[in-house]
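1. just the structure for this:
(chains A and B)
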Amino acid sequence: MKIVTWNINGVKARLDNLLVWLEQNQPDIVCLQEIKSVDEQFPRVPIETLGYHVETHGQKSFNGVALLSRISPEEINRGLPGDATDKQARFIEGVYPAGKGIVRVASLYLPNGNPAGSDKYSYRLSWMKRLHDFAASRLCLEEPLLLAGDYNVIPADIDAKNPDEWVKDALFLPSAREAWQSLVNLGLTDAIRAVSSEPDYTFWDYQAGAWPKNNGIRIDHLLLSPEASDMLIHAFVQKEIRGWEKASDHVPVWVELDI
DNA sequence: ATGGCCGGCGCAGCCGGA
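-> Numbers count the residues shown, from 1 in each chain, chains lettered A, B, ... in the order given. Sure, this is the predicted structure:
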């Protein structure tokens, strides 16, 4: 089973790319972030025509996440628990039949939090705490679980071409990296780091020639429960997608599971 | 050497992103 996460930076602006990519790559489950669409305007018909089920959790203009899948989900949950007043659409979870059991997959878009010290940064940290509590409760189920998405966290120096440029950025501040490490320390496996100790950037800014200079960062991650990690065959970043016409600034990150 | 963008909204620039 092939599962992939991709921040597409606007599903309507990226629809032609998305359809070609789906046909060429045939993923089983796709976690999308930054769809920037309300549910009613998500272009579900052309995606369904390719054989995918579509589940969205969107809002107007910003944010928004979705799950595309070849197999119909048994259950869908929208929104990250822990704050009923949170109106930002950043989390959707699906439960899918797989093998003799299920696989549980979440598509998440963690708040950027810049500038540091702002209300946005405190919202980011509180969201990370909620994600930590959610992951802890899900891990008690002892199921194959994937928490996939745009974490907006650069975990370590190796995950940036120029780490010095990021020292005052919310993506690389010690408190954000500590929150990331605390999440991983629950017993989750960073799929890319499990298979590679090389730089594997997933984002290159549109500005300042970041892509031609390979000035990238690794901020899109798949975290696997022990039950999912045991089934890990392969993980990789699909870097070449960044070179497409009208590319997103993020690229797809894949895992293949023996399930 | 320096600076360099893009999507959404909505029809002009501004907001948000990382």
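2. nearest residue to the residue in chain A positioned nearest to DNA strand B other than its sequence neighbours?
-> Going by CB to the nearest atom of the strand, DNA strand B is nearest to A:Gly10 of chain A, at 2.6 Å. To be clear about C-beta, it is placed using only N, CA and C from the backbone, and glycine gets the same treatment. Distance criterion CB to CB, 6 or more residues apart in numbering; nearest residue to A:Gly10, sequence neighbours excluded, is A:Lys36 at 4.6 Å.
3. got a pLDDT number for the one you found?
-> The per-residue pLDDT reported for A:Lys36 equals 98.
4. what's the neighbour count on it?
-> For A:Lys36, the neighbour count with other CB atoms under 10 Å is 20.
5. that one and A:Phe236: what is the separation?
-> Separation of A:Lys36 from A:Phe236 (CB to CB, to the nearest Å) stands at 26 Å.
6. name the residues of the stretch 101-250 of chain A found near DNA strand B, please.
-> Proximity of the stretch 101-250 of chain A to DNA strand B, by CB under 7 Å from any atom of the strand, involves residues A:111-112, A:114, A:120, A:150, A:152, A:171, A:203, A:205-209, A:213, A:217, A:219, A:246, A:249.
7. rewinding a little: report the contact partners of the residue of chain A closest to DNA strand B.
-> When the contact criterion is CB atoms under 8 Å, 6 or more residues apart in numbering, the partners of A:Gly10 are A:34-37, A:248.
8. pLDDT value on the closest residue in space to A:Ala89 that isn't next to it in sequence, please?
-> Spatial nearest neighbour of A:Ala89, excluding adjacent residues (CB to CB, 6+ apart): A:Gln59 at 4.3 Å. Listed pLDDT for A:Gln59 reads 97.
9. tell me the contacts of A:Gln59?
-> A:38, A:87-89.
10. helix, strand or coil: sort out it for me.
-> At A:Gln59 the chain is in coil, as set by DSSP: H, G, I helix; E, B strand; the rest coil.
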